[in-house]
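Visitor: let me see the structure of the following:
(one chain, ligands or ions: 1)
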Amino acid sequence: MAVTSSAPTVATVHPPCLHDLLSFDVYRKYLRTIPIMPNVPLVNPWQVWGRKADNSGWASKCCQDYPQAFGVLKKLYTSHQYSDIALVSRSVLFIEPGKRIWHGKGANAYVEFTPEFLGCWDRHQFEWCKRCRRPTTFEKYPITHRALRKAPVLSEDNPLRCYYCGARQSFAGDNNDR
Ligand SMILES: [Zn+2]
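Guide: Purely as a prediction, here's the structure:
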């Protein structure tokens, strides 16, 4: 007799990877544009993280400036050996692009996006990570998360972290001020 399981399956929705994001002209333009940085000396403010397509690990390189980091990202992307790549800001947090039109005040305040950024990704499903500079999900990850292995978890407060870079939602999430 065939045995069937009625156990529910967990639906995991992955945020768009770099390849998905590049299908949006407005995001391609955003990624190509050199971000405005504070006029203070920063050591390697950019880091490229590539997840190998064969699941054998990650490639990473810290970079002193954006054009260098963008060049590394491009090289990894065109090698077709990575399933996802992000150019992570290590020092400066960037709010979601297109988030410009504010309405109301105080508890009644809400924000709209400029038209060109509407329709790119689902903002109810994904939240902008100010470090990865792309939509992500913030979840509770085990210590085996790539970004947490060498970092002791000192506090269980705000345990939700970016699926890609591992930053806490309370730090890098962009819905706090929405
Ligand atoms: Zn992130």
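
Visitor: domains of the chain?
Guide: 43-89, 99-172 (automatic domain parsing).

Visitor: what residues are up against the closest residue to residue 134 other than its chain neighbours?
Guide: The spatially closest residue to residue 134, leaving aside those adjacent along the chain, is residue 21, at 5.9 Å (C-beta to C-beta, 6 or more residues apart in numbering). (C-beta placed from N, C-alpha, C; glycine too.) Residues near residue 21 by C-beta atoms under 8 Å, 6 or more residues apart in numbering: 27, 31, 120-121, 134-135.

Visitor: if I look at residue 13, how far off is residue 134?
Guide: Distance from residue 13 to residue 134, counting by C-beta to C-beta, to the nearest Å: 15 Å.

Visitor: before we move on, the earlier item: which of the contacts of residue 21 fall within strands?
Guide: 134-135 (DSSP state E).

Visitor: are any of the contacts of residue 21 buried, and which?
Guide: Neighbour-count burial (16 or more other C-beta atoms under 10 Å) applied to the contacts of residue 21 gives 27, 31, 120-121, 134-135.

Visitor: ok, which pair from those residues is furthest apart?
Guide: 31 and 121 (14.0 Å; C-beta to C-beta).

Visitor: contacting residues for the most centrally placed residue in the chain?
Guide: The centre of the chain sits closest to residue 132, judged by C-alpha atoms, centre = their mean, with a distance of 3.5 Å. Under the criterion of C-beta under 8 Å, 6+ apart, the neighbours of residue 132 are 86, 88, 162, 164-165, 167, 172.

Visitor: just residue 89 next, same as before
Guide: Contacts of residue 89 by C-beta under 8 Å, 6+ apart are 35, 45-46, 130-131, 133.
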